[in-house]
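Novice: Here is my input; please provide its structure:
(one chain, ligands or ions: 1)
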Amino acid sequence: MPVTERLYYSDSHLIEFEARVADLTDRVSGWTAVVLDRTAFYPTGGGQPSDTGTLNGLRVVECIDDGERGVLHVVQGTAPARDAIVHGRVDWPRRLDHMQQHTGQHILSQAFVTLFNAPTKSFRVMEASCEIDVELQHPTAEIIERAVELANNVIWEDRSITIRNVTSDEAAELRLRKEPAREGELRLIEIDGFDLTPCGGTHAYRTGEVGMIAVRSWERAKGLTRIEFVAGTRALADYRKANKSAREIAALFSTGRDDAPHLATQLIEENKELHRRIRALEEGAAGFEAEKLLASALTNADGTQIVAHVFEARDAEYLKKLAHALIANPQTIVLLGSRDKDTARLVFARSADASGDMSALMRDACTMLDGRGGGKPDMAQGGGKNVQQLNVAIAHAAASVGGS
Ligand SMILES: [Zn+2]
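Specialist: Numbers count the residues shown, from 1 in each chain. The predicted model follows:
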């Protein structure tokens, strides 16, 4: 069986090559997997996604490492014949991006080892950012930024990155950042004077090619610290995005970007104060509104006054406050509703000397509103999404207690 010669092992910047088709298999997807005698395409592995590109102009959508069988190039369209000579071309922007993230990871991981003796347990290149899981027990912004600082210094020193092929005996004599995952001959990636680690991925020629590294966020996960970072072009894209967000927020305050957090904090404090004042005003308004509603209340056969009303844009808290003010009166049943944004809210209550199960009435009303609710026989609360049915639900509840 053929084994593909992996050209990316010796030259990570080689993107065009000629090769012979060694084998072909149909994929379940209807596409074809092409095995070549040699390839510059990197297959998915080691946390790094596969290259894409073309073979004789045909789209290579994915490359898979099939071990003994070599590298499978999954192509769309009519595949070339066995033994045909094909021209391969790797998508360079994607390869460069992966090299920047992957090499950036070597540098950042070694920075955590150098400064905090904290090894990296796993690594992933994701759609827009990357993750490493580091054995870092007590992460703080300061600790993480110190590692970021060291990593960027190593990038800007533009150190050389070289590949060393060694036997396992030779490797045993070397200080490697992580244990080799396999036996036999090893491929080591050496960042001059900084890092030495076994790896089968594609790396920059020099650290400067990584551009820069920035940490977006971090969290504790499964006893490790999960750090989300971006390198190279992703760092620039992320800066643009972050800057745009920050400037848009600042524009809302008619201020400069860096003054926005202070003004936002001020606004939130003012907003809290306004809420407190509104609550106090509502206390007074509820009493006044209760009197008005009582004046127009209907009386049922038992002599109980029924107050049924639908408000616009009142929250559940206000409805409850109003209900309490109303049921302070004897022989009173209160059926209140409100259209609060796209939600219908309900509060039903009765005075201690009135009869009726508010909880049961509430369940019926909420069924009509495609929502849910409940409570006690004298006070119940609920709501639903079917705002159009709110008037009908209140009218139905009023009819049930003889209030219509
Ligand atoms: Zn690597």
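Novice: residues in contact with the residue of the stretch 101-250 of the chain found nearest the ion?
Specialist: As assessed by Cβ to the ion, the ion sits closest to Cys199 within the stretch 101-250 of the chain, at 3.2 Å. Glycine gets a C-beta too; all of them are placed from N, C-alpha and C. Listed by Cβ atoms under 8 Å, 6 or more residues apart in numbering, the contact partners of Cys199 are 46, 106, 187-189.
Novice: Next, the buried residues of stretch 360-379.
Specialist: For stretch 360-379, burial by neighbour count (16 or more other Cβ atoms under 10 Å) applies to 361-363, 365-369, 371, 373, 375, 378-379.
Novice: quick one: pLDDT of Thr233?
Specialist: On pLDDT, Thr233 comes in at 97.
Novice: Who are the contact partners of it?
Specialist: 93, 96-97, 100, 211.
Novice: can you rerun that using 6 Å?
Specialist: When contacts are counted by Cβ atoms under 6 Å, 6 or more residues apart in numbering, Thr233 touches Asp97.
Novice: gap between it and Glu145?
Specialist: The gap separating Thr233 from Glu145 is 22 Å, by Cβ to Cβ, to the nearest Å.
Novice: Same question for Asp370.
Specialist: 50 Å.
Novice: Asp364 too?
Specialist: Asp364 is 59 Å from Glu145, where distance means Cβ to Cβ.
Novice: With Leu24 instead?
Specialist: Separation of Leu24 from Glu145 (Cβ to Cβ): 51 Å.
Novice: higher neighbour count, these two?
Specialist: Between Leu24 and Glu145, counted using other Cβ atoms under 10 Å, Leu24 has the larger neighbour count: 16 against 12.
Novice: Which residues outside the helix or strand hosting that one are in contact with it?
Specialist: For Leu24, the element it lies in under DSSP states H and E is strand 16-26. For strand 16-26, contacts defined as Cβ under 6 Å, 6+ apart pick out 2, 7, 32-38, 40, 79-80, 82, 84-89.
Novice: Which members of these occur in helices, if any?
Specialist: Residues from these lying in helices, with DSSP state H as the criterion: Leu7.
Novice: and the ion, which of the contacts of strand 16-26 reach it?
Specialist: Near the ion, judged by Cβ under 5 Å from the ion, there are no entries from those.
Novice: Could you turn the buried ones of the contacts of strand 16-26 into a ChimeraX selection?
Specialist: ChimeraX command restricting the contacts of strand 16-26 to the buried ones, with burial defined by 16+ other Cβ under 10 Å:
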select :7,32,33,34,35,36,37,38,40,79,80,86,88,89
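Novice: least trustworthy helix or strand in this structure by mean pLDDT?
Specialist: Counting by mean pLDDT, DSSP states H and E, the weakest-scoring helix or strand in the chain turns out to be helix 168-172, with a mean of 86.
Novice: so where do the helices sit in the stretch 251-400 of the chain?
Specialist: 260-295, 316-326, 358-368, 390-400 (DSSP state H, counting those that start in this stretch).
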